[in-house]
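In: sequence and predicted model, in that order:
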Amino acid sequence: MKGGFQSLQGYLLLDAGGMYGSCFHHKVIMMCQHSPEGAFGLVLNQPNDKRVGDVLPLDMPIPLKNQHTRSGGPVDETSVHILHSDAFMFQGNVMNNLSLVQDPNELSDLANSVNPDHKIEVFLGYSGWGPGQLESELARKSWLVCQAKTELVFSNPDEAAWREILRSLNWEHRLLADSPDDLSWN
C-alpha cells in the first residue's frame, strides 16, 4: 500500500473476481483486526448448519441457542468468535457499534443483556493472514475493499451478498457482479 501501513479494520474485503475454486470465492469478509503483524477477519456470507446451542453449552436464551452459526473462515474451524452490537454501544473494538468477543464464556452475559437492541452473531473459524500476506494479496488485486456497515453483519447475508454489495458500488463493479464465475463461459 502506498504511504505506509493502513489498517483495514472495520472494512469489508470482497473477492475481486479471481478466486474461483478457492474457499474465498464470492466471499465478503469483515476485517476485525489488522496490523503490521497480520490480519483477522470473519466471512459474513457463509451460513453454517450448526446452531449456537449445539456448539456452546452455555446458559442463554432459547432464541440464541436456536440461532445458526456462520463459518468465519477456513482457519481453526472449531474456534468461536462473536460479533455483537447494541444501540447503546457507540464505540466498538472493530468499528463504531460493533465489537468482537473471542471468549465463548462472555456469550452468556451478552445473551442475557436486558437491552432489546442487542444483536449477536456467532462464527466458527476465521480468516487469517500473517505479516504482509494480506498486503501482498491486495497488491495483486485479489481483494476489493469497501466501507462496512454494522447492519450487514446482522442481516444474515448469504452467497448473494457478494453480488449485491458489488452492484451497489459503481458500474465497473456491477459488471463484475453480473459476469460469469469463469470468464471462458462468456
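Out: The structure has been received and is ready for your questions.

In: every contact and neighbour count from this point should use C-alpha atoms.
Out: Fine.

In: okay, buried residues for the helix or strand where residue 78 lies please.
Out: Following DSSP states H and E, one finds residue 78 within strand 75-85. For strand 75-85, the neighbour count (16 or more other Cα atoms under 10 Å) marks 80-85 as buried.

In: direction included, what does it pair against?
Out: Sheet pairing of strand 75-85 (DSSP bridges) gives strand 99-101 (antiparallel), strand 119-129 (antiparallel).

In: and the contacts of that strand?
Out: Residues outside strand 75-85 that contact it (Cα atoms under 8 Å, 6 or more residues apart in numbering) are 71, 97-104, 107, 117-128, 150.

In: could I get the buried residues of strand 75-85 as TSV with distance to residue 6 and pLDDT?
Out: Output for the buried residues of strand 75-85, formatted as TSV (distance: Cα to Cα, whole Å; pLDDT from 0 to 100):
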residue	distance to residue 6	pLDDT
80	27	94
81	24	96
82	25	94
83	23	95
84	25	92
85	25	90
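
In: any chance of the residues you listed in TSV with distance to residue 160 as columns?
Out: Formatted as TSV, the buried residues of strand 75-85 follow (distance: Cα to Cα, whole Å):
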residue	distance to residue 160
80	24
81	23
82	23
83	21
84	23
85	23
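
In: rewinding a little: dump the C-alpha coordinates for the strand holding residue 78 into CSV.
Out: Extracted C-alpha coordinates of strand 75-85, given in CSV (Å, rounded to 0.1, in the frame of the first residue of the first chain):
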residue,chain,number,x,y,z
VAL,A,75,-8.7,-21.4,9.9
ASP,A,76,-9.4,-23.3,13.2
GLU,A,77,-13.0,-24.1,12.3
THR,A,78,-13.7,-25.2,15.9
SER,A,79,-12.8,-21.7,17.4
VAL,A,80,-15.7,-19.5,18.4
HIS,A,81,-15.8,-15.7,17.6
ILE,A,82,-18.7,-13.5,18.5
LEU,A,83,-19.7,-10.1,16.9
HIS,A,84,-22.2,-8.1,18.8
SER,A,85,-23.8,-4.7,18.8
